[in-house]
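> With the sequence up front, the predicted model follows.
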Amino acid sequence: QALTSNRRKRTKKRIAKTFVQQAHIRNDFCHKTSRKIVGQESIEVIVMENLKTKNMTGKAKAKQDEQGRWLKNGAKAKSGLNKAILSKGWHKLEAYTMYKAQRENKVVFKVSPHYTSQECADCGHIHPENRVTRDDFVCQICGHAEDADSNAAKVIKKRAINLIKHS
């Protein structure tokens, strides 16, 4: 058994304490945000994207070439992305919003997130080139230009209305 120094033990405790504090902050944020969303009197229906966090944070698959040599698979970048996604607490916010909405007798709909950032809210045209930059959206067919996040929110709203109408 390898002996560790007292300084190392103290440092490990400090790091662990920091991670616990971050978890408490994330949990507090999710509770307060979900309460703010559900607590509004004017809101009766809540719509969110059906983000499958578990699928999004899967481990990078190992790759081999014909000779059996291992190829670079971007595992380091993927693990960084996974850590970033999980550190935001999307699933926790969704779960808190769902149970608080159920308590308040409010309805929660989850719509498909596929191509919401590439679909035009006006004409419905889907194409990767519609998303000019990270922040800008310009439809290649009708010329509709808007902030990409606002356009995606309108697409989600439109999909939710269709989901409600056809269910």
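Here it is on my side, so go on.

> residues contacting residue 57?
Residues in contact with residue 57 (C-beta atoms under 8 Å, 6 or more residues apart in numbering) are 81, 82, 85, 86. Any C-beta I mention is one placed from the backbone N, CA and C, and that applies to glycine too.

> change it to 10 Å
Listed by C-beta atoms under 10 Å, 6 or more residues apart in numbering, the contact partners of residue 57 are 78, 79, 81, 82, 83, 84, 85, 86, 91.

> Same check on residue 122?
Applying C-beta under 10 Å, 6+ apart, the residues near residue 122 are 139, 141, 142, 143, 144, 146, 151, 154, 155, 158.

> Just say helix, strand or coil for it.
With DSSP: H, G, I helix; E, B strand; the rest coil as the basis, residue 122 sits in coil.

> and the gap between it and residue 138?
11 Å (C-beta to C-beta, to the nearest Å).

> got it, and residue 69?
Distance of residue 69 to residue 138, given as C-beta to C-beta: 44 Å.

> Tell me which of those two has more neighbours.
Neighbour count, other C-beta atoms under 10 Å: between residue 69 and residue 138, residue 138 has more, with 17 against 8.

> Which pLDDT does the model give that one?
Residue 138 carries a pLDDT value of 92.

> Go ahead and confirm it touches residue 145.
Yes - between residue 138 and residue 145 there is a contact under C-beta atoms under 10 Å: 4.6 Å.

> Would you mind listing the residues touching both of those two?
By C-beta under 10 Å, 6+ apart, residue 138 and residue 145 have these common neighbours: 132, 151.

> No further questions, thank you.
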